[in-house]
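> Show me how the following folds:
(one chain, ligands or ions: 1)
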Amino acid sequence: MSLLKLDNVSKSFGMLKVTDSVSFEVAKGEALGIIGPNGAGKSTLFNLITGNIAPDEGAVYLDGVDMTRKPAMSRVQAGVGRSFQIPQPFTHLSVFENLLVAANFGGGHHGHAADDFCMDILDQTGLAGVADATSGSLSLLQRKRLELARAMATSPKVILLDEIAGGLTEGECVSLIQTIKSIHASGTSIIWIEHVLHALTSVVERLMVLNFGKMLMIGDPAEVMDSPQVKEIYLGIEV
Ligand SMILES: Nc1ncnc2c1ncn2[C@@H]1O[C@H](COP(=O)(O)OP(=O)(O)OP(=O)(O)O)[C@@H](O)[C@H]1O
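This next block holds a predicted model:
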């Protein structure tokens, strides 16, 4: 059975159909990449999965349960974790405290068990050395790591990564990819929107292309990137 399923999901803002009858499934433990031109509807698709916006039509299922009308918080508690394009930590709290908030409210972890759980995530995401630093003092790479860590602190079954590699140097990007690979290897499903294609294709098993709100193609990353239709529409290259 699939972990996450979208069934003919559509959403319009005024006259603009931003998500147009999108259907796909993500298996347990799978990593799926999403690409598409600016304004294709990628972030809107994430908002429909997380419950930040409601679809006009269609349904969203997690583990076979219809989540379509459930609020965002209950989806977090059911296992949908998310990182944001622009990191959104509580800047006055320490890195550790940021994780505790996510673990308490999103992951249902409390007391000493929550402390240990958060320390494990700090290790996994490479933040153990800055546990007591205020999150406002972190470098860009560390803030990206904190976005990952906060998503992991909610004990997700699937994490949605929104352009997490953007703005990093090549070396920083390689180091973040290692962390994302370790999260994937531990069994968490990943859906990742990314413009840094080499980072994305080094992790994901399937790639989806969105264009004008429609799913243009989904499949093996190399085959998708090789498709003349994708080259023309996504990359703007005449073939
Ligand atoms: N809340 C909203 N109200 C009105 N229009 C919106 C809203 N959210 C998104 N849009 C519009 O929907 C379209 C798709 O936006 P979306 O952010 O989902 O695209 P995207 O593929 O994530 O783009 P990018 O790669 O630039 O982040 C855009 O034209 C955007 O202006």
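> Without its sequence neighbours, what residue ends up closest to the most centrally placed residue in the chain?
Nearest to the mean C-alpha position of the chain, by C-alpha atoms, centre = their mean, lies residue 160 at 1.5 Å. Nearest residue to residue 160, sequence neighbours excluded (C-beta to C-beta, 6 or more residues apart in numbering): residue 82, at 4.5 Å. All C-beta atoms are positioned from the backbone trio N, CA, C, and that covers glycine.
> Touching, that neighbour and residue 46? I think so.
Yes. The pair residue 82 / residue 46 is scored as a contact, 6.9 Å apart, by C-beta atoms under 8 Å.
> For these two, list the residues in contact with both.
Residues touching both residue 82 and residue 46 (C-beta atoms under 8 Å, 6 or more residues apart in numbering) are 160, 162.
> Quick check: bridge partners of the residue nearest to the centre of the chain?
residue 82, residue 191 (DSSP bridges).
> what about it, distance to residue 174?
Using C-beta to C-beta, to the nearest Å, residue 160 is found at 22 Å from residue 174.
> Can you identify each of the helices in this structure by residue range?
With helices called from DSSP state H, the chain shows them at 42-50, 72-78, 95-101, 111-124, 140-152, 170-185, 197-201, 221-226, 228-233.
> helices or strands next to the fifth one in the packing?
For helix 140-152, the contact count by 3 or more C-beta pairs under 8 Å, 6 or more residues apart in numbering; DSSP states H and E identifies strand 80-83, helix 95-101, helix 111-124, strand 158-162, helix 170-185 as packing neighbours.
> Ok, which of those comes nearest residue 210?
strand 158-162 (13.3 Å; C-beta to C-beta).
> between that closest one and helix 140-152, how many degrees?
150 degrees (axes from the mean of the first three to the mean of the last three C-alpha atoms, to 10 degrees).
> And strand 158-162, what's buried?
158-162 (16 or more other C-beta atoms under 10 Å).
> Report whether that strand contacts the ligand.
No. Strand 158-162 stays out of contact with the ligand when judged by C-beta under 6 Å from any ligand atom, the minimum separation being 7.9 Å.
> Stretch 224-236 too?
No. Against the ligand, stretch 224-236 shows no contacts by C-beta under 6 Å from any ligand atom, the least distance being 11.2 Å.
> Could I get the average pLDDT for that stretch?
For stretch 224-236, mean pLDDT is 81.
> Contact distance from the ligand - what residues of the chain qualify?
Near the ligand, when you scan the chain using C-beta under 6 Å from any ligand atom, you find 13, 18, 36, 38-44.
> tell me which of those is nearest to residue 231?
Nearest to residue 231 among the residues of the chain next to the ligand, with distances taken as C-beta to C-beta, is residue 36, at 13.3 Å.
> Let me see the backbone angles for the closest one.
phi 160, psi 160 (degrees, to the nearest 10).
> Cool, thanks, signing off.
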